[in-house]
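# need a structure here:
(4 chains)
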Number of protein chains: 2
Amino acid sequence: MARDTKDILKKNRLSVTASREKILNLFLDQSGALAHGDIEKRAGEKFDRVTIYRTLQVFVEKGIIHTIPTADNSILYALCKDDCEEGHHHDHHVHFVCRQCQNTYCLDNVVTPDIKLPTGYSAKQIDVVVEGICRQCSI
Amino acid sequence: MARDTKDILKKNRLSVTASREKILNLFLDQSGALAHGDIEKRAGEKFDRVTIYRTLQVFVEKGIIHTIPTADNSILYALCKDDCEEGHHHDHHVHFVCRQCQNTYCLDNVVTPDIKLPTGYSAKQIDVVVEGICRQCSI
DNA sequence: AATCTTTTGCAACAATGTTGCTTTTTTAGT
DNA sequence: ACTAAAAAAGCAACATTGTTGCAAAAGATT
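Just a heads-up that it's a prediction; the model follows:
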């Protein structure tokens, strides 16, 4: 496990530090997306808020995590799949927000549909966020 | 014009006040969506920030405007069409963010597609935000 | 016009995000 | 393994954004 995080960091030409490993592990140990606040809480009192901000920023730049837009004005972060590279996200999956457990998941198997736009508009990226009840909560 | 705003407010059983008329007019005079900050700037120095927050909140509750989730963590607001009622938004159109002019538009004619979800997931609402170049900017 | 209700503005506060700078840690070269 | 250079962490101070309670002002109702 610790091996993994070191590898991921090195692969992205990032120096290996305690906070980066810790934060990366939070994402690896967790299926859903995390908000900055979640990370602050779960990391214990160990890290400075600024460090978390900067770490998340670096991870996004390197394509290790991506952001998910939400209606309630909080940015969520989730792990990218392997086909994301530095400065070149391939974020073509649908995001799902559960109204019951409030978790947000990347539905990696659900691809964003094509959208027919009016003449004159051209699409570069399409974000789809579905709100509803997740598998866990509908049992 | 002033007539319009009074009518809209009355139709929603809201008392007619200067700030509500002013803010409503900003939306009517403008095709795109507005962030809280935009409103604060365009309204002049006249209104308290708190009043703007509360006014937007009331407008959303009444179904006069709706919110648009954005990737950069700022909530945008835009006018609802007539078929929105109190507590019951019919927000089934696609939102378009222009990378050039940075404006956000409601594409009222473009309906959000159905999304096939994995077993166990059920959708209550689907938000689609398309990023690209708008008609104005692609001339 | 008087009263009751609603809204506004103010002040204080809380949460979130940013910046510059010093100290500490990591990396790379020997 | 040790040292110098580079990078990151931590700290403090600050900026922005959003929230709450309450008194004053404005709007609605009769």
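# do you know how far A:Lys22 is from DNA strand D?
Per CB to the nearest atom of the strand, to the nearest Å, A:Lys22 is found 9 Å from DNA strand D. All C-beta spots, glycine's among them, are computed from the backbone N, C-alpha and C.
# ditto for A:Asn103
Taking CB to the nearest atom of the strand, one finds A:Asn103 at 21 Å from DNA strand D.
# with A:His95 instead?
21 Å.
# what of A:Ile126?
24 Å.
# do A:Ile68 as well
As judged by CB to the nearest atom of the strand, A:Ile68 and DNA strand D stand 17 Å apart.
# same thing with A:Arg42?
Noted for A:Arg42: a distance of 15 Å to DNA strand D, by CB to the nearest atom of the strand.
# next one: A:Lys10
Using CB to the nearest atom of the strand, A:Lys10 is found at 11 Å from DNA strand D.
# residues near A:Leu117, how many?
18 (other CB atoms under 10 Å in any protein chain shown).
# show me what contacts it?
By CB atoms under 8 Å, 6 or more residues apart in numbering or on different chains, the contact list for A:Leu117 reads A:Ala123, B:Val94, B:Phe96, B:Leu107, B:Val110, B:Val130, B:Gly132.
# closest to B:Gly32 out of these?
Of all the contacts of A:Leu117, B:Gly32 sits closest to B:Phe96, with 9.5 Å by CB to CB.
# tell me which element the closest one is part of?
Element membership of B:Phe96, judged by DSSP states H and E, is strand B:93-98.
# swap in A:Pro113?
Assigned by DSSP H and E, A:Pro113 belongs to no helix or strand.
# OK, contacts around it?
A:Ile126, A:Val128, B:Pro113, B:Ile115.
# ok, and the closest non-adjacent residue to the first one?
The reference is to A:Ile126. A:Thr112 (4.7 Å; CB to CB, 6 or more residues apart in numbering or on different chains).
# scan the contacts of A:Pro113 and report the most crowded one.
Busiest of those [other CB under 10 Å] is A:Val128, holding 24 neighbours.
# show the pLDDT at that one.
Per-residue pLDDT puts A:Val128 at 92.
# if I look at it, how far off is chain B?
For A:Val128, the distance to chain B (CB to the nearest CB, to the nearest Å) stands at 5 Å.
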